[in-house]
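1. Show me how the following folds:
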Amino acid sequence: MLEILQKRQSVRKFTGAPVKKSDVKKILEAGVRAPSGKNGQPWRFAVIQDDKELLRQVAAYTIYEDFVRRADCLLCVFMDKTQSYHYIKDCQAIGACIQNMLLEAADIGLGACWIGEILNADGAVKQLLGVDNRYDLMAVIAVGVPSGENVRLTPRKPLEECVLFYR
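-> The predicted structure follows:
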């Protein structure tokens, strides 16, 4: 597991090659294995892969449009508020869901990047996708075959800087 965690990185350059639908399913299945409070499983997904015009339209709602539109697939992650018992707790569960998805993508050799900035366009994205206000946009994950260009692991703070105390 530690090897996969260390291998995972935010990939922003893709080859343009298609991602297999079976791999997209594996990523989604990893997401739904995340823990959630009271087993509410509040995550919902919109998969944009075949409709490249829709993919470009969604990409236009983020400052990262240039690389997002080059992904083969976008996984829009929503919270179903009718399945939520505590908003913050459910946001944390969806964060775990997203992390599972990113780890699965890395494990099967795909590149992925968690786009959070697109939350600034929650209403516009939901309108574009025909998603009602029962759902809140939590993130979009850009998925594609990594090009291998400029791939570098970002440095992490030493553990000693992150641990407040250990008694």
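2. Report the central residue of the protein.
-> residue 141 (3.2 Å; CA atoms, centre = their mean).
3. now the chain, which segments are flagged as low pLDDT?
-> 150-153 (pLDDT under 70).
4. how about 90 then?
-> 1-2, 5-8, 148-156, 165-167 (pLDDT under 90).
5. just the strands in this structure please.
-> Here the chain has its strands, by DSSP state E, at 43-48, 73-80, 111-115, 135-144.
6. List the buried residues of stretch 23-41.
-> Buried positions in stretch 23-41, judged by neighbour count with 16 or more other CB atoms under 10 Å: 23-24, 26-28, 30-31, 34, 36, 40-41. To be clear about C-beta, it is placed using only N, CA and C from the backbone, and glycine gets the same treatment.
7. before we move on, back to that, any chance of the strands of the chain in TSV, with distance to residue 87 too?
-> Output for the strands of the chain, formatted as TSV (distance: least, CB to CB, whole Å):
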stretch	distance to residue 87
strand 43-48	14
strand 73-80	8
strand 111-115	20
strand 135-144	9
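8. Out of those, which is closest to residue 96?
-> With CB to CB as the measure, strand 43-48 is the member of the strands of the chain nearest residue 96 (9.5 Å).
9. mind saving the C-alpha coords of the closest one as CSV?
-> Extracted C-alpha coordinates of strand 43-48, given in CSV (Å, rounded to 0.1, in the frame of the first residue of the first chain):
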residue,chain,number,x,y,z
TRP,A,43,-21.2,10.0,-3.3
ARG,A,44,-22.6,10.1,-6.8
PHE,A,45,-20.7,10.3,-10.1
ALA,A,46,-21.2,11.7,-13.5
VAL,A,47,-18.8,10.2,-16.0
ILE,A,48,-17.9,12.2,-19.1
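10. who does that strand touch, helix- and strand-wise?
-> If you count contacts as 3 or more CB pairs under 8 Å, 6 or more residues apart in numbering; DSSP states H and E, strand 43-48 packs onto helix 21-31, helix 52-59, strand 73-80, helix 87-107.
11. May I have the residues that are in contact with residue 19?
-> Taking CB atoms under 8 Å, 6 or more residues apart in numbering as the criterion, residue 19 is in contact with 49, 72-73, 110, 143-145.
12. re earlier: now, which of the buried residues of stretch 23-41 sits nearest residue 158?
-> The closest of the buried residues of stretch 23-41, once distances to residue 158 are taken by CB to CB, is residue 34, at 27.8 Å.
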